[in-house]
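Q: After the sequence you'll find the predicted model.
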Amino acid sequence: MAWQGIFGVDEVASRFARANRRRRLGGSFLFIGPGGVGKRTFAFALAKTLLCSRVSSYSEVETSESETRRDSAAELERFQPCRKCENCKQFEWNVDSGAKVPTHPDFHYVCKPADKSLLPLELLIGEKDARSRSGLCFELNQTAFMGGRKIAVVDDADFFNLEGANALLKTLEEPPPRSIIILIGTSAAKQLPTIRSRCQTFRFNSLSNDALAEILLRQKKVETPEEAAAIARLSAGSLEEAEKALDADFSAFQQILFTELSRSPMKGVEFAGKLCEFVDAAGKEAVLRRRRLRNAFQESLAFFRAAFLALEEPDKNPVGKYAPYLSQIVENGRTSSRDALDCVELTLDAMEKVDRNVNLPYVVEAWAYDLAALSR
């Protein structure tokens, strides 16, 4: 079963359904998991369901007749928006609508702007000249327009700074009556401890190959089931990774990237030039270039992690798209698992610089030179 057509979320949906039925639904939640596995899609679908007048009103007493048959399937069957009440009609959103943000007067969505490295404080507590009189925290404290719940989704929770997190703490600890806040991030380790401690955490796993292939077909990103299956096998259960694989330019560059990363010694100057040329080809907009460089770094990060495992167990034959390059690394014997971990750290540091809007050519050159130094 795929709750509301969203793969891999049935267990999480069941937990929310039970809590809602028993009137024990909390107010602050943290969704974590890899990118492209459906966290945002689930948050939107959950918001529509919890805003539905029928779902928000039923309780344990009203459903007591089904006590003997309350398995997960029955629970999820009932935990659906009615699509007839005024709340459902005002919540305009479709599971296959991509990045479209739902519309509803009692639903609020906040995310990191593409040209920012952190979630702006103003989105949470308003501009300086209207501090505490606008922003997400202010909106949640207002009376619900439709008289029911108010729900907020805060995307990119990995990018809170200390000031922004502190501004949200009181609201997370004591959400206004009938208000729900959902934070979305990729890892518990990337959340500030003060945020984690105030939220109930739900973990989302990578999608299965079959589920990812079906999503690609449903969203018409591919034309045939065979193409969908082939892309899914390369994508580690992530729609984001699948979209990279569908980018012909990125797919072609991966071979260059893996070849350069597996060189020993690595040619830092030459590699930096190739990567800068690839990033610049994304277009004139800085947002597009940053996105392409971040994709290259994410791919490099996965490569170095795979290299670490291959070097830790050299008797095992590597599998997957990295296999030929990892075999080369293991065979030349010049790289250790410690070196691979150092490469991971260098790549994470470079990704952080991209998020902080550091000059991209500088980031690329420093990263490539440091990697080359390690390979000598």
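A: Perfect, I can see it now. Numbers count the residues shown, from 1 in each chain.

Q: And the longest helix along the chain, what's buried?
A: The single longest helix within the chain, with elements called by DSSP state H, is helix 286-312. Judged by neighbour count (16 or more other Cβ atoms under 10 Å), helix 286-312 contains these buried residues: 289-293, 295-308, 310-311. Where you see a C-beta, it was placed from the backbone N, CA and C, and this is true even at glycine.

Q: swap in stretch 139-156?
A: Result for stretch 139-156 [16+ other Cβ under 10 Å]: buried residues 139-140, 144, 146, 148-156.

Q: and the longest strand along the chain, how far out from the chain's middle?
A: Using DSSP state E, we find that the single longest strand of the chain is strand 179-185. Averaging C-alpha positions (Cα atoms, centre = their mean, to the nearest Å) puts strand 179-185 13 Å from its chain's average.

Q: dump the residue contacts of the residue nearest to residue 207 when sequence neighbours are not counted.
A: Leaving out its chain neighbours, the residue that sits closest to residue 207 by Cβ to Cβ, 6 or more residues apart in numbering is residue 237, at 4.3 Å. Applying Cβ atoms under 8 Å, 6 or more residues apart in numbering, we find residue 237 in contact with 34, 37, 205-209, 212.

Q: What about those residues, which are in helices?
A: 209, 212.

Q: Out of the contacts of residue 237, which is nearest to residue 347?
A: residue 34 (16.5 Å; Cβ to Cβ).

Q: ok, that closest one - contacts?
A: 186, 204, 206, 236-238.

Q: so residue 198, which of the three states?
A: Under DSSP: H, G, I helix; E, B strand; the rest coil, residue 198 falls in the coil class.

Q: Let me know whether it touches residue 173 as I believe.
A: Yes: using Cβ atoms under 8 Å, residue 198 and residue 173 qualify as a contacting pair, with a distance of 5.0 Å.

Q: Of those two, which one has the most company?
A: More crowded of residue 198 and residue 173, by other Cβ atoms under 10 Å: residue 198, with 21 against 13.

Q: how much space is there between the more buried one and residue 184?
A: Distance, residue 198 to residue 184, by Cβ to Cβ, to the nearest Å: 15 Å.

Q: For the spatially most central residue of the chain, which non-adjacent residue is spatially closest?
A: For the chain, the residue sitting closest to the mean C-alpha position, by Cα atoms, centre = their mean, is residue 35 at 3.1 Å. Of all residues not flanking residue 35 in the chain, residue 240 sits nearest, at 4.5 Å (Cβ to Cβ, 6+ apart).

Q: That neighbour against residue 38, yeah?
A: No: if you go by Cβ under 8 Å, residue 240 and residue 38 don't touch, sitting 10.9 Å apart.

Q: Comparing these two, which shows the higher neighbour count?
A: residue 38 (25 against 14).

Q: Report pLDDT for that one.
A: pLDDT, residue 38: 92.

Q: Repeat that for residue 95.
A: For residue 95, the model assigns a pLDDT of 63.

Q: what's the answer for residue 233, then?
A: pLDDT, residue 233: 86.

Q: Now do it against residue 111, distance only.
A: 30 Å.

Q: again, but for residue 132
A: 21 Å.

Q: Between those two, which has more neighbouring residues?
A: Shown here are residue 132 and residue 111; by other Cβ under 10 Å, residue 111 has more neighbours (18 against 11).

Q: okay but that one is in contact with residue 155, surely?
A: Yes: counting by Cβ under 8 Å, residue 111 does reach residue 155; the two are 3.7 Å apart.

Q: Could you tell me whether residue 279 really is in a strand?
A: No: assigned with three-state DSSP, residue 279 falls outside any strand and is helix.
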